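Engineer: Have a look at this prediction, sequence included:
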Amino acid sequence: MAIEVKLQVFEGPLDLLLHLIEKNKVDIYDIPIAEITEQYMEYIRQMEEGDMNVMSEFLLMAATLLDIKCRMLLPREVNEEGEEEDPRAELVQKLLEYKAYKYMSYELRDMQVDALKVFYKPPTIPEEVLKFREPVNYEELLADLTLTRLNEIFRNCLKRQEDKVDPVRSHFGRIEKDEVNIDAKANYVAGYIRSHKRMNFRELLENQKSRMDVIVTFLVVLELMKTGVVSVEQESIEDDIIITTREISEDGLEFHGLTSLGDAVGENEDIDREENQ
């Protein structure tokens with residue numbers, strides 16, 4: 001007849017290790033790693049199949065114990081200060097922290113049990129007493145108040161208000177929106193292209209007054225590239241961008257596909273405004 005053995009339930013691998021150390025009455029700073037590892041592995045073999053997440057924690061600790069056991073057989077490593085490192089040091093630190101938290105949980109549990117034995121009487125203070133407020137004697141309150149003291153209080157109030165003002169943001173001015181006419185800018189670029197069959201892109205931007213003008217001019221050139229009016233070339237990253245005009249009638253140059261720039265310009269106005277802030 002088989003004898004059923006009920007194993008003690010542990011909160012985790014550290015709880016099991018702490019139990020084995022206390023059971024064997026060994027010094028936690030000088031753990032006999034071989035003996036504790038054998039007992040730990042024996043417990044793992046007797047564990048019933050359960051939650052794989054829980055089992056994985058115990059198996060991970062088993063692998064850690066076997067690793068420490070192997071390192072104990074090798075010559076001790078020496079740290080930068082010339083002292084030998086104990087392979088068990090990290091495990092001991094974890095056990096000490098777990099032990100401290102475990103016994104603190106016992107104290108909290110005892111406090112909870114003691115608190116369950118205490119019964120409180122609900123407050124029965126009359127409503128009139130709760131609403132009572134001690135009267136204020138303004139004459140006594142303002143007895144020592146003089147004009148000098150009143151002026152000092154007033155200046156302190158003003159000083160506190162001044163301290164709340166951001167010295168940087170308070171001097172921010174209003175950022176005006178740059179208005180750019182798409183048709184006028186397209187006509188300007190078309191006229192410049194008509195008079196210069198081959199030009200430097202930098203020259204096209206020299207007479208632009210604002211960042212928005214530069215952005216719209218750049219978008220106009222991109223649209224002209226898309227529609228085949230101009231071609232662009234650049235030999236290397238450091239060289240200037242050269243724009244070359246292809247053969248096209250003068251009547252169709254101004255409005256050759258440039259009416260689709262309105263949405264793109266609106267988006268770039270928001271970007272320009274954010275950068276100015």
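Structural biologist: Cool, the structure landed.
Engineer: where does V232 land in three-state SS?
Structural biologist: The local conformation at V232, judged by DSSP: H, G, I helix; E, B strand; the rest coil, is strand.
Engineer: Which parts of this protein are helices?
Structural biologist: 13-24, 33-46, 52-73, 89-116, 127-131, 138-141, 147-163, 182-195, 201-205, 211-227, 262-276 (DSSP state H).
Engineer: Retrieve the pLDDT associated with S105.
Structural biologist: S105 carries a pLDDT value of 90.
Engineer: how close does T217 get to N181?
Structural biologist: Going from T217 to N181 by CB to CB, to the nearest Å gives 12 Å. C-beta here means a position set from N, CA and C on the backbone, and glycine is covered the same way.
Engineer: now swap in P126 and tell me
Structural biologist: P126 is 78 Å from N181, by CB to CB.
Engineer: returning to that earlier point: T217 and N181: which has the busier surroundings?
Structural biologist: Neighbours per residue (other CB atoms under 10 Å) separate T217 from N181, with T217 holding more: 21 against 10.
Engineer: show me what contacts the more buried one?
Structural biologist: 185, 189, 204-205, 208 (CB atoms under 8 Å, 6 or more residues apart in numbering).
Engineer: Run a quick neighbour tally on G82.
Structural biologist: 6.
Engineer: sorry, back to before: show me which of the contacts of T217 is closest to N79.
Structural biologist: L205 (63.0 Å; CB to CB).
Engineer: Can you check the pLDDT for the nearest residue to that closest one once chain neighbours are set aside?
Structural biologist: Leaving aside its sequence neighbours, L205 sits nearest to V214 (CB to CB, 6 or more residues apart in numbering; 5.6 Å). pLDDT recorded at V214 is 83.
Engineer: just to revisit the earlier point, export the helices of the chain to TSV and tack on distance to E80?
Structural biologist: Shown next, in TSV, are those (distance: least, CB to CB, whole Å):
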stretch	distance to E80
helix 13-24	29
helix 33-46	25
helix 52-73	19
helix 89-116	15
helix 127-131	68
helix 138-141	69
helix 147-163	50
helix 182-195	68
helix 201-205	58
helix 211-227	56
helix 262-276	50
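Engineer: Out of those, which is closest to I243?
Structural biologist: Judging those by CB to CB, what sits closest to I243 is helix 201-205, at 5.6 Å.
Engineer: Quick one: distance of the closest one to the chain centre.
Structural biologist: Between the centre of helix 201-205 and the centre of its chain there are 43 Å (CA atoms, centre = their mean, to the nearest Å).
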